[in-house]
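Trainee: Need coordinates for the following:
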Amino acid sequence: MNIITEFYQQALEHWPKTGQHILAHQTNEEIVVYQAYKKSIARFAAENQFLGGNEYSYNRMSWIKPNFLWMMYRCGWAEKENQESVLALWIRKKDFESILNEAVISSFNPSYHDNHEQWRADLDQREVRLQWDPDHDPYGHKQERRAIQLGLKGGLLENFGKKQIIRIEDITGFVKQQKSLLDSGRLDELRVPVESVYRTIDSALNKRVGITA
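Mentor: A predicted model of the protein is given here:
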């Protein structure tokens, strides 16, 4: 696994406790997002290094999550049906920002749109949905901090799945190892990917998508 990890208790020392933040494993040029799939879809993706195969459909919305523990909450630590395999997808930050540029908040908020009509028009025209949801701790308890997830569809999803992904890693083994530590009450041994706050250099974009300053 190319992802660098740290103890969960160490991570708590530098993660923000409140606000809307993109917490992500990242390098200077790249950022990691996560998805969970049934084993056959994940196997194809890892072997071929793109999203596809007979069972994968580009005619639907597909959600990506930069935050590891938010992904673990959603997939039940790889134990929910059809989410038994967790993939780490490496993409360039410039491509992630291009996705953010197309994002529309999934529910109307007067902080981001002047009126319902403008918001509805953006929803119809753009191919990315954005949601800020409560982040969760390893046991699934809600946190004050909010995590981002992005829903991709149409041509933008196909471009992401076939062209923008640099590397796909199946990290299910790591996920299961950490879940076994949780199940045995060994939280002090739990490791998570090293994640830090990510903001784009475009302050107007950060404000439009709701990233806490």
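Trainee: Look up which helix or strand the nearest residue to residue 195 once chain neighbours are set aside falls in, please.
Mentor: If you skip the residues right next to it in sequence, residue 195 has residue 23 as its closest partner in space, 4.5 Å away by CB to CB, 6 or more residues apart in numbering. Every C-beta, even on glycine, is put in place using the N, C-alpha and C of the backbone. Residue 23 belongs to strand 22-24 when elements are defined using DSSP states H and E.
Trainee: so what does that strand touch, helix or strand wise?
Mentor: The criterion is 3 or more CB pairs under 8 Å, 6 or more residues apart in numbering; DSSP states H and E, and the helices and strands that strand 22-24 contacts are strand 30-37, strand 142-152, strand 196-198.
Trainee: again, only using 7 Å
Mentor: Strand 22-24 is packed against strand 196-198, with contacts defined by 3 or more CB pairs under 7 Å, 6 or more residues apart in numbering; DSSP states H and E.
Trainee: so what strands line up beside the strand it packs on?
Mentor: strand 22-24 (antiparallel) (DSSP bridges).
Trainee: which residues does the residue nearest to residue 195 contact?
Mentor: Counting by CB atoms under 7 Å, 6 or more residues apart in numbering, residue 23 touches 15, 66, 67, 147, 195, 197.
Trainee: Tell me which residue is most central in this structure.
Mentor: With the centre of the chain defined as its mean C-alpha position, the nearest residue by CA atoms, centre = their mean is residue 65, 0.9 Å away.
Trainee: what sits against the spatially closest residue to residue 30 that is not a sequence neighbour?
Mentor: Take residue 30 and drop its neighbours on the chain: the residue closest to it by CB to CB, 6+ apart is residue 90, 5.3 Å away. The contact partners of residue 90, by CB under 7 Å, 6+ apart, come to 30, 32, 165, 166, 167.
Trainee: Next: residue 2.
Mentor: For residue 2, the contacting residues are residue 169, by CB under 7 Å, 6+ apart.
Trainee: What about it? Give its phi and psi, please.
Mentor: The phi and psi torsions at residue 2 (degrees, to the nearest 10) take the values phi -80, psi -10.
Trainee: tell me, how many neighbours does the residue nearest to residue 37 when sequence neighbours are not counted end up with?
Mentor: Beyond its immediate neighbours in the sequence, the residue positioned closest to residue 37 (CB to CB, 6+ apart) is residue 85, lying 5.5 Å away. Burial of residue 85, expressed as a neighbour count using other CB atoms under 10 Å, amounts to 23.
Trainee: Quick check: residue 85 touching residue 34?
Mentor: No: no contact is recorded between residue 85 and residue 34 when judged using CB atoms under 7 Å, the distance being 11.0 Å.
Trainee: quick one: the strands in this protein?
Mentor: Shown for the chain, the strands assigned by DSSP state E span residues 5-7, 22-24, 30-37, 62-64, 85-92, 103-105, 128-136, 142-152, 165-170, 191-193, 196-198.
Trainee: Check which helices and strands the third one sits against.
Mentor: Judged by 3+ CB pairs under 7 Å, 6+ apart, strand 30-37 is in contact with helix 68-75, strand 85-92, helix 93-101.
Trainee: Cool, thanks, signing off.
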